[in-house]
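I'll drop the sequence and a predicted model, then ask my questions.
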Amino acid sequence: MHMLEVKNIHKSYCKVEILKGVSFTMEKGETKVIIGPSGTGKSTLLRCINQLSPPDKGEVWLDGEEVTNPKTNINKIREKIGFVFQDFNLFNHLSALRNVSIGLEKVKGIEKEEARKRAVEELHRVGLDAKAQQYPAQLSGGQKQRVGIARALAMDPDIILFDEPTSALDPELIGDVLDVMKSLAGKVAMLVVTHEMGFARNVAHEIIFMEGGVIVEQGSPKEMFTNAKLARTREFLGRIGALYGDE
Amino acid sequence: MTTNFGQFFLDSIPNLLTGLGNTLILTFISITVGFIIGIVLALGKVYGNKIINGFCVAYIELIRGTPLLVQLFIIYYGLPSIGIIFTPIQAALLGLSINSSAYQAEYLRGSIQAIQSGQMMAARSIGLNKLKSIQHIILPQALRISIPSWSNEFVYLLQYSSIVYIIQVEELTAEGIFIAASNFRYIEILTMIAIIYLSLTVVSTEIIDRIAKRFSIPGIGAAKRVSLRDI
């Protein structure tokens, strides 16, 4: 049994089919990177997985439980699927600490003091324990995103979905966020939509190239970077590599 | 008629205080009841299904689309014809609360919709259900945003409550007019009443501004007061 199984996902918005049958699997602790041109449905795919936008067709299974089944308690499942947003979406009225602890308190029902203690540990993990009392508006983009990661980590998920986690950041802030993500590799499964080719090459177990709502090609970073089967994949990797570069 | 202003002022105080008491009761109860109904209406309008949304929209449009005076007349003079009779103060409380609820609902609805959709998505993504997301993430932010317009509503209500003297409620304006009618010193008494309303308004907006500052989000600051009714 795979940890995560995505089967034949279809999704349309306003009669435009964004995802046209996407299937793949993930194992415990695995890191996969999804690349592809914008408008290809990468973000939509992530949102289909945790049902933020439920797919029209297809199934998602996590740990043998069908996420897409309407009878499944989706809130329970979402505890196991962390989500990190491109534009952070930190809770503006809460301190960094409360952003991380609120899920522990209100979802997991952990007592306030214990939740705070654990939130401090998670903030320490992303190097931000000193900023615990700061509010989102007082943090830099990179710090916000690290709080976002800590918020996801605090729920102790099996997998974290990253939706272009560094795309909204100034170039000099990207490194800190990528470092945190690298430190998580192997400890929690990560499915990352990104253009950061250095991260894809060095951290991912597999790269999935999507275009036009389908998976065009997938393989290990080595295969994909040196020996991609399709000309389209080589062309895209070449262009994105020139833009975002390696490490 | 011949007493000097100082004596006249002192003689008027007891009656004016009674009126002031009623004005404050009308304002505080109506704003509170209107607030509670307003929250329910706003949530119903934003998050409700078609039926709930339709009901909330109809209620808000009906109340905002008809004059407060007409509403008060319907409650006080109209309803007795079908056997529902209220005392003046009951009719006034009912009318002002219902009227205010529709306006407060719209202020709050605007504030809820001003919050980025990502806040709800993030709340749901950590496993909060919809109700808890609204309770812990959306409402605390929406209420902060709506404090300035809420401050306006308070001031309007304080002053509009004077209209209920027409249905025999003995609030501040009514008391003043009674006094003036007995001695024809309209200018003195109405000036005194105006000063009392003005003082109440200045003090209450200052208090509400402090509340806004107290609850302001660090790094963002308190929302500033603007008049939505003037837009």
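Received the coordinates, thanks. Numbering: from 1, shown residues only, chains lettered A, B, ... in the order given.

Every contact and neighbour count from this point should use C-alpha atoms.
Fine.

residues from chain A in reach of chain B?
Residues of chain A lying close to chain B (C-alpha under 8 Å from any C-alpha of the partner chain) are A:50, A:52, A:74-79, A:81-83, A:85, A:89-93, A:103, A:106-107, A:134-138, A:152, A:155.

what about residue 196, how many neighbours?
Using chain A. The tally of other residues near A:Glu196 (other C-alpha atoms under 10 Å in any protein chain shown) stands at 24.

look at chain B instead
By the measure other C-alpha under 10 Å, the count of residues near B:Ile196 is 15.

try A:Tyr135
23.

ok, for it, nearest residue in space, not its chain neighbours?
In space, A:Tyr135 comes closest to A:Ser95 once its chain neighbours are excluded; the distance is 4.3 Å by C-alpha to C-alpha, 6 or more residues apart in numbering or on different chains.

Quick check: the gap between that neighbour and A:Gly148.
The gap separating A:Ser95 from A:Gly148 is 12 Å, by C-alpha to C-alpha, to the nearest Å.

more neighbours, these two?
For the pair A:Ser95 and A:Gly148, the greater number of neighbours falls to A:Gly148 (28 against 22), based on other C-alpha under 10 Å.

So which elements touch the helix or strand of chain B with the lowest mean pLDDT?
Lowest by mean pLDDT, DSSP states H and E among the helices and strands of chain B is helix B:172-183, with a mean of 91. Packing partners of helix B:172-183 (3 or more C-alpha pairs under 8 Å, 6 or more residues apart in numbering or on different chains; DSSP states H and E): helix B:5-47, helix B:186-214.

Domains in chain A, by residue range?
Here the domain parsing of chain A from automatic domain parsing is A:1-80+A:160-241, A:92-156.

what's next to the least confident helix or strand of chain B, contact-wise?
By C-alpha atoms under 8 Å, 6 or more residues apart in numbering or on different chains, the list of residues contacting helix B:172-183 from outside reads B:1, B:12, B:15-23, B:162, B:165, B:168, B:186, B:189-190, B:193.

again with stretch B:207-222
A:Asn92, A:His93, A:Gln134, A:Tyr135, A:Pro136, A:Ala137, A:Gln138, B:Arg144, B:Ile147, B:Pro148, B:Ser151, B:Ala223.

In chain B, which residue sits closest to chain A?
Nearest residue of chain B to chain A (C-alpha to the nearest C-alpha) works out as B:Gly127 at 4.4 Å.

Tell me, how many residues neighbour that residue?
B:Gly127 has 27 neighbours, counted by other C-alpha under 10 Å.

Put the alpha carbons of stretch A:158-173 into PDB.
What follows is stretch A:158-173, C-alpha atoms only, in PDB (Å, rounded to 0.1, in the frame of the first residue of the first chain):
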ATOM      1  CA  ASP A 158       2.200  12.500   7.100                       C
ATOM      2  CA  ILE A 159       2.700  14.700   4.100                       C
ATOM      3  CA  ILE A 160       3.100  18.500   3.500                       C
ATOM      4  CA  LEU A 161       2.000  20.000   0.200                       C
ATOM      5  CA  PHE A 162       4.000  23.100  -0.800                       C
ATOM      6  CA  ASP A 163       2.400  25.400  -3.300                       C
ATOM      7  CA  GLU A 164       5.200  27.400  -4.800                       C
ATOM      8  CA  PRO A 165       6.500  28.200  -1.300                       C
ATOM      9  CA  THR A 166       9.300  30.600  -2.500                       C
ATOM     10  CA  SER A 167       7.600  32.300  -5.500                       C
ATOM     11  CA  ALA A 168       6.400  35.300  -3.500                       C
ATOM     12  CA  LEU A 169       9.800  35.900  -1.800                       C
ATOM     13  CA  ASP A 170      12.600  38.200  -2.500                       C
ATOM     14  CA  PRO A 171      15.600  36.300  -4.000                       C
ATOM     15  CA  GLU A 172      17.700  36.700  -0.800                       C
ATOM     16  CA  LEU A 173      15.000  35.200   1.400                       C
END
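
so how far is it off the chain centroid?
Mean C-alpha position of stretch A:158-173 versus that of the full chain (C-alpha atoms, centre = their mean, to the nearest Å) differs by 8 Å.

Give me the buried positions along that stretch.
A:158-169, A:173 (16 or more other C-alpha atoms under 10 Å in any protein chain shown).

Now flag whichever of those is closest to B:Arg64.
Closest approach between the buried residues of stretch A:158-173 and B:Arg64, by C-alpha to C-alpha: A:Ala168, at 42.4 Å.

ok, that closest one - contacts?
For A:Ala168, the contact set (C-alpha under 8 Å, 6+ apart) comprises A:Gln86, A:Asp87, A:Gly141.

Wait, a strand at it?
No: A:Ala168 is assigned coil when assessed by DSSP: H, G, I helix; E, B strand; the rest coil, not a strand.

give me phi/psi at it?
phi -100, psi 10 (degrees, to the nearest 10).

Can you get me the start-to-end distance on stretch A:181-195?
14 Å.

Measure how far that stretch is from the centre of its chain, please.
7 Å.

Would you mind pulling the contact partners of it?
Applying C-alpha under 8 Å, 6+ apart, the external contacts of stretch A:181-195 come out as A:26-35, A:42-43, A:157-167, A:199, A:203, A:240, A:244.

And stretch B:82-90, by the same measure?
Here stretch B:82-90 has contacts from B:Ile75, B:Tyr76, B:Leu79, B:Pro80, B:Ile167, B:Gln168, B:Val169, using C-alpha under 8 Å, 6+ apart.

quick one: least confident of those residues?
Among the contacts of stretch B:82-90, B:Gln168 carries the lowest pLDDT, at 90.

Grab the nearest non-local neighbour of that residue.
Excluding the flanking residues, the one nearest B:Gln168 by C-alpha to C-alpha, 6+ apart is B:Pro88, at 6.0 Å.

ranges for the strands of chain A?
A:4-13, A:16-26, A:31-35, A:57-62, A:65-66, A:81-84, A:159-163, A:189-193, A:206-211, A:214-219 (DSSP state E).

Let me know which of these is tucked in deepest.
Most buried of the strands of chain A by mean neighbour count (mean count of other C-alpha atoms under 10 Å in any protein chain shown) is strand A:81-84; its value is a mean of 28.

if we can go back for a sec, for the residue nearest to A:Tyr135, give me the pLDDT.
pLDDT for A:Ser95: 97.
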